[in-house]
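>>> Sequence and predicted model, in that order:
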Amino acid sequence: MKVRLDFCDFWPGFPKTNNFIYNLLKERFEVEICDCPDFLIFGDLGQHVHRVHNCVKIFMCPESFLPDFKLYDYAFTCHQINDPRNLRLPPYVRGLNPQMLQKENEDPAQILASKTRFCCMLAGYSNRKTRLRDEFFHKLCKYKKVDSAAIALNNLGYRITWDRKAEFLKSCKFYMAFENASIPGWTTERITDAMLARAVPIYRGNPGIGMEFNPKSFLNYSDFPNAEALIDKIIELDQEDAKYMEYLRQPYFHNNQPNEFFSRERLLNQFERIFTTPITPVSRQRYPLQIDRWIVVKKNRPPRTP
């Protein structure tokens with residue numbers, strides 16, 4: 001099946017023919033990237049270029065925005081909602097090979113011996129919305145320094161660049177994998193970054209995280225009555241190697257098998273439903289007195305009837 005497709009509203013320089021979705025779709029479809037596509041996949045960045053299109057629009061976003069089907073036809077979001085137009089796709093899935101999180105014959109003692117830092121945090125900003133994370137950071141620093149190497153609460157005097165992040169995390173025993181907010185379904189790459197580095201995640205965020213990953217492999221803020229109790233547990237693991245290594249022994253996935261969200265078949269089946277279901281795109285639906293300032297530059301205009 002041939003699919004005429006385009007991407008827009010992603011980051012500058014977004015590679016249209018070498019990205020997670022394009023490479024996935026090539027496994028089942030003949031994909032043609034073109035300026036006047038039948039299907040448009042767009043993100044939440046850029047200058048709203050998607051508005052010039054009248055084709056079927058597919059919203060794909062790593063943030064926690066709820067889908068708005070008045071603006072587009074389908075969505076891949078972090079939310080698990082009862083609507084066939086939306087499929088849950090946690091942000092950590094894209095670009096991550098789940099085999100890298102599966103544990104086979106690893107030596108916890110060897111991993112522990114490679115740790116030269118106590119704990120770290122990488123956060124882009126600090127404000128009233130991140131107050132709980134910031135307070136926890138300062139409380140934990142009273143025990144030992146937590147190395148903050150991004151913009152927020154930076155205490156190293158330099159920032160870790162994207163290409164050095166994995167190396168930096170591998171040196172840490174713990175990683176403060178706090179989401180910017182606790183929202184059902186919103187699990188970003190913070191927790192999987194820690195797992196890839198074999199640093200025990202200290203997680204706060206998605207209330208259902210235990211259904212996606214083995215709760216015995218990380219510390220979940222919500223499992224403790226307060227921050228002090230969690231810090232006591234961190235100190236215990238830091239001071240008792242045997243207990244710390246027990247977390248390293250635990251598989252990240254339940255039964256050491258990737259969760260359903262990594263299923264390429266699941267994603268491809270949803271795209272096949274999208275590509276084969278005849279619909280009138282939302283962008284072609286007109287309402288009385290509707291004014292669309294983008295109408296003069298619209299692409300993919302429907303043919304005029306005589």
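Yep, it's here. Residues are numbered from 1 along each chain as shown.
>>> separation between the most centrally placed residue in the chain and residue 198?
With distances taken as C-alpha atoms, centre = their mean, the residue of the chain nearest its centroid is residue 91 (1.7 Å). Counting by C-beta to C-beta, to the nearest Å, the gap from residue 91 to residue 198 is 21 Å. From N, CA and C alone the C-beta is placed, and that goes for glycine too.
>>> just checking, the residue nearest to the centre of the chain touches residue 188?
Yes. Using C-beta atoms under 8 Å as the test, residue 91 is close enough to residue 188 to be in contact (4.7 Å).
>>> which neighbours do the two share?
Contact with both residue 91 and residue 188 is made by residues residue 62, according to C-beta atoms under 8 Å, 6 or more residues apart in numbering.
>>> Shouldn't residue 265 be within a strand?
No. Applying DSSP: H, G, I helix; E, B strand; the rest coil, one finds residue 265 to be helix, outside a strand.
>>> For the closest residue to the residue nearest to the centre of the chain other than its chain neighbours, which residues are in contact?
Spatial nearest neighbour of residue 91, excluding adjacent residues (C-beta to C-beta, 6 or more residues apart in numbering): residue 62 at 3.9 Å. Applying C-beta under 8 Å, 6+ apart, we find residue 62 in contact with 78, 91, 94, 188.
>>> Between those residues, which sits nearest residue 144?
residue 188 (25.5 Å; C-beta to C-beta).
>>> Where does the prediction get shaky in the protein?
Along the chain, the parts satisfying pLDDT under 70 run over 286-306.
>>> in it, which spans are helices?
Secondary structure of the chain (DSSP state H): helices located at 20-25, 108-113, 131-141, 165-170, 189-196, 209-212, 227-239, 241-249, 264-276.
>>> which other residues reach the fifth one?
With contact meaning C-beta under 8 Å, 6+ apart, helix 189-196 is reached by 91-92, 96, 100-101, 165-166, 169, 175, 177-179, 200-201, 203, 205, 209, 213, 217-218, 252.
>>> next one: the first one
Residues lying outside helix 20-25 but in contact with it, judged by C-beta under 8 Å, 6+ apart, are 3, 5, 7, 16, 31, 33, 41, 60, 94-95, 264, 267-268, 271.
>>> can you rerun that using 6 Å?
When contacts are defined by C-beta atoms under 6 Å, 6 or more residues apart in numbering, helix 20-25 is touched by residues 31, 94-95.
>>> mind listing which of those are in strands?
Among the contacts of helix 20-25, DSSP state E puts residue 31 in strands.
>>> Mark which of the contacts of helix 20-25 are buried, thanks.
residue 31 (16 or more other C-beta atoms under 10 Å).
>>> Please convert the contacts of helix 20-25 to CSV, extending it with distance to residue 141.
Converted to CSV, the contacts of helix 20-25 look like this (distance: C-beta to C-beta, whole Å):
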residue, distance to residue 141
31, 49
94, 33
95, 32
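>>> can you map out the strands along the stretch 51-200 of the chain?
56-60, 74-77, 86-88, 117-121, 146-148, 172-178, 200-204 (DSSP state E, counting those that start in this stretch).
>>> Switch those over to JSON lines, and while doing so, append mean neighbour count and distance to residue 256 to every line.
Shown next, in JSON lines, are the strands of the stretch 51-200 of the chain (neighbours: other C-beta atoms under 10 Å; distance: least, C-beta to C-beta, whole Å):
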{"stretch": "strand 56-60", "mean neighbour count": "23", "distance to residue 256": "29"}
{"stretch": "strand 74-77", "mean neighbour count": "24", "distance to residue 256": "26"}
{"stretch": "strand 86-88", "mean neighbour count": "19", "distance to residue 256": "22"}
{"stretch": "strand 117-121", "mean neighbour count": "22", "distance to residue 256": "26"}
{"stretch": "strand 146-148", "mean neighbour count": "22", "distance to residue 256": "30"}
{"stretch": "strand 172-178", "mean neighbour count": "25", "distance to residue 256": "20"}
{"stretch": "strand 200-204", "mean neighbour count": "25", "distance to residue 256": "17"}
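>>> Nice, that's everything, thank you.
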